[in-house]
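>>> Build me a model:
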Amino acid sequence: MTHKGYTARIDYDDRDKLFVGRILGLPAMISFHGESVGELRKEFEAAVEDYLSDCSQQGITPETPVPGK
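Next comes the predicted model:
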């Protein structure tokens, strides 16, 4: 799953019956979850947008994911 150049790793948590994702290639751990693929994509895109907004508010340049990491 990708959005604005950011890629997520997706796993399924059978115990909680949730898809769980983590944005790859960033020093900060940014995760999200959803009960369906549609909800998961929405939460992933929101997590990326929140990250970019937080960076903007703090006046810092967002980390760019490193390909292949």
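>>> all contacts plus neighbour counts: C-alpha atoms, from now on.
OK.
>>> next structured bit after the strand ranked longest in the chain?
The longest strand of the chain (DSSP state E) is strand 6-13. The helix or strand immediately downstream of strand 6-13 is strand 18-23, counting by DSSP states H and E.
>>> follow-up on the earlier one: so which elements touch the longest strand of the chain?
Identification of packing neighbours for strand 6-13 by 3 or more CA pairs under 8 Å, 6 or more residues apart in numbering; DSSP states H and E yields strand 18-23.
>>> Which strands and helices lie in contact with the next helix or strand after the strand it packs on?
Sequence order places strand 31-34 as the next helix or strand after strand 18-23, per DSSP H and E. Contact here means 3+ CA pairs under 8 Å, 6+ apart; on that basis strand 31-34 packs against strand 18-23, helix 37-58.
>>> thinking again about what came up before, please identify the buried residues of the longest strand of the chain?
Neighbour-count burial for strand 6-13, counted by 16 or more other CA atoms under 10 Å, picks out 6, 7, 8, 10.
>>> what angle do that strand and strand 18-23 make?
When axes from the mean of the first three to the mean of the last three CA atoms, to 10 degrees is applied, the directions of strand 6-13 and strand 18-23 differ by 150 degrees.
>>> Name the strands paired with strand 6-13 and say parallel or antiparallel.
When pairs are called by DSSP bridges, strand 6-13 turns out to pair with strand 2-3 (antiparallel), strand 18-23 (antiparallel).
>>> what's it in contact with?
1-2, 18-25, 44, 48, 64-65 (CA atoms under 8 Å, 6 or more residues apart in numbering).
>>> Of these, grab the buried ones for ChimeraX.
A single ChimeraX command selects the buried members of those (16+ other CA under 10 Å):
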select :18,19,20,21,22,23,24,25,44,48
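>>> how about the contacts of strand 6-13, which pair is most distant?
Greatest spatial distance among those (CA to CA): 18 and 64, at 27.6 Å.
>>> which residues touch the residue located most distally from the centre of the chain?
No residue in the chain sits farther from the centre than residue 15, which is 21.4 Å out by CA atoms, centre = their mean. By CA under 8 Å, 6+ apart, no residues touch residue 15.
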